[in-house]
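# what's the 3D shape of this:
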Amino acid sequence: MQAEKHNRWLVAVMGTILMIVLGTVYSWSFFQKPIVEAYGWSNSGVAWVFSTSILFLGLAAAWSGINLSRYGPAKLAVIGAIMYGTGFILGSLALKAHSLPLLILGFGVIGGSGIGMSYVTPVVSALKWFPDKQGFISGMVIMGFGFGALVMSKIIAPTVMNITDGNLVPSFFIIGTVILVLGFFAAMFIRQPPAGYLPEGCSPLVKVSPGDKKETVEVTAKQAIFTSKFAMMWLVFFVNITAGIMFISFQSPLMQDLWSRFRSGSDPVSLAAIGGTLIAVSSIFNGLGRFFWGGISDRIGRIQTFRLIIGTQILVFITLLFVTNPYIFAILVCYVLLCYGGGFGTIPSYVKEVFSEKLMPVVYGAILTAWSAGGVLGPQVVGFMKDQYPGNASTYAFIIGSVLLSIGFVLALILNNKPILRDQVEE
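Got it, this is the predicted structure:
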C-alpha cells in the first residue's frame, strides 16, 4: 500500500509540473505588444495566434478524451508536450520569415493541439488515483496550468529575452526547446491506476439497485453530450472562459495603456515590466483559483460554486467600467483570473458526478471545446476594440463581458448537481 500511495502522489506532482509547462501559453500577452511593435501587425491579427492556440487546444482535448483509453495517458502526454515545444520553435522560424500565417500555424495550430492532447491526461489520471479527494486533486493538478504564465513571464521569458537582447527569433527557439524537454520529462510519469484500485481507507461506492428510479444509468457518450444539461454546462463554462481570457490575452497591453494615462512619461521598458508583473501576479490567482474553488465545490456543491464564480464577476466587470486607477484594475483582474481558474478546477468533478467516471474522459474532453470557443471570442473582442476604438476599447469589452456573464448566471441558476437519469437521455 505504501507503493500505491507513493505512485499516486508522484502522478499528481508530475501532472502538476506538466500543467505548469502547458500553462505557459497563458503568458501570450507578454509577447503580444513586442510582436505588434516589431512587425507592424495589427492587435487582432497577432491575437489570432493566441486564439488559434486555444481553439485547437480545446479541439485536441476533445479528441484526446475520446482516444485516451486507446493510446494511454503517457503516450498522449508525451506527444502533446513535444508538439507544444515544436510550436514555439516553428514560431521562431515564422518570426524570422516575417510570416504571421506561419506563426498562427506553428504556435497556434501545432502548439495548441499539443497542449490539448496533453491537457486531459493528468486530470483524468489524477482523478482515478484520488477517488477520495476529487475537487482537491483536480484543483491541485489544474492549478499548475494557471501558474504557467507566472513561470514564463517572470522566469523563462525575461531570462531568455535578456540573453538574446530582446530578439524574438532566438527567444522563441530557446523557449520552445526548454518547454519540449521539461514537458517530455513530466509526461513520462503520467499513468492510470490498475483496475479496481482504491486508496487505503476509501470505501467503494454503494451501487443503487436497478429498480431505483434515481439510479445513474449506462448511457453512451453521444447520448450524454446531446443532453440539454451538457449544453447548459458547456455554456456556463464558455461564459466563464470568455470573461477570463479577455484579460489573459490582453492584460499587459491594457495595464500599460491605463498606467500611461495614470502616470504620464513612463518609458516603454518600465511599462513592459509593469505589464509583466500583472501577468505574473494574476497567474498566481489563476492557479490558486483552480485549487481554491475546487476545494470549495467539495463543500457546497459544483453548480453552487459556479453561481458564486459567475455572479461575483458580473459585479467586477461593471465596476471595471468606472476604474481609472491601475492598482484597483490589477486587483479586479486578479479576482477575475481567480474565478477563471476556479471554473477549470470545478468542471472535472462536476462532469464526473453528472455523467459518471466511465464517460468522464470523453465528456470532459467534449466540454473543453468551450475553451476553444472562448479562446476565439475573448481575445478577438478585445483585439477588435483596440484596433477600431483604441480610446474606449476596455469599456466596450467590459460591457460585452458583463452581458455574457449575466447569461451564464441565469443558466447556472437553472442547472443542478443531479446525475443524468434515464428519462433525461435522448434515445
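# For G40, what are phi and psi?
When read as degrees, to the nearest 10, the backbone of G40 gives phi 70, psi 20.
# shaky segments in the protein?
Low-confidence segments of the chain, defined by pLDDT under 70, span residues 1-6, 134-135, 196-218, 265-266, 421-427.
# quick check: longest helix of it.
For the chain, the longest helix by residue count, based on DSSP state H, is helix 228-262.
# helices and strands around that one, which ones?
In terms of contacts (3 or more Cβ pairs under 8 Å, 6 or more residues apart in numbering; DSSP states H and E), helix 228-262 is packed against helix 28-39, helix 43-71, helix 268-300, helix 302-320, helix 326-355, helix 360-367, helix 369-388, helix 393-414. For glycine as for every other residue, the C-beta is placed from the backbone atoms N, C-alpha and C.
# May I see those helices organised as CSV, with mean neighbour count added?
Formatted as CSV, these follow (neighbours: other Cβ atoms under 10 Å):
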stretch, mean neighbour count
helix 28-39, 20
helix 43-71, 23
helix 268-300, 21
helix 302-320, 21
helix 326-355, 25
helix 360-367, 25
helix 369-388, 23
helix 393-414, 19
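# so which of the ones you listed comes closest to I163?
helix 28-39 (15.5 Å; Cβ to Cβ).
# mind checking how far M385 is from P34?
20 Å (Cβ to Cβ, to the nearest Å).
# try G15
32 Å.
# separation between F107 and P131?
For F107, the distance to P131 - Cβ to Cβ - is 37 Å.
# higher neighbour count, the two?
Set F107 next to P131 and count neighbours by other Cβ atoms under 10 Å: F107 wins out with 29 against 18.
# pretty sure that one contacts G87?
Yes. Counting by Cβ atoms under 8 Å, F107 touches G87, with 4.7 Å between them.
# residues shared between the contacts of these two?
Contact with both F107 and G87 is made by residues S53, according to Cβ atoms under 8 Å, 6 or more residues apart in numbering.
# Spatially nearest residue to F230, not counting backbone neighbours?
Closest residue to F230 apart from its sequence neighbours, by Cβ to Cβ, 6 or more residues apart in numbering: A224 at 6.1 Å.
# for G183, what are its contacts?
So G183 contacts L18, V21, L22, G80, A81, I82, Y84, G85, S118 (Cβ under 8 Å, 6+ apart).
# at 6 Å what do you get?
Contact analysis of G183 by Cβ atoms under 6 Å, 6 or more residues apart in numbering lists V21, A81.
# Equivalent analysis for K128, please.
Contacts of K128 (Cβ under 6 Å, 6+ apart): Q192, P193.
# Could you do G375 as well?
Shown in contact with G375 (Cβ under 6 Å, 6+ apart): S51, I54, L55, I245.
# next one: F147
Contacts here follow Cβ under 6 Å, 6+ apart; on that basis F147 touches I20, G287.
# What is the three-state secondary structure of it?
helix (DSSP: H, G, I helix; E, B strand; the rest coil).
# how about the nearest residue to G65, chain neighbours excluded?
Among residues not flanking G65 along the chain, G365 sits closest, at 2.0 Å (Cβ to Cβ, 6+ apart).
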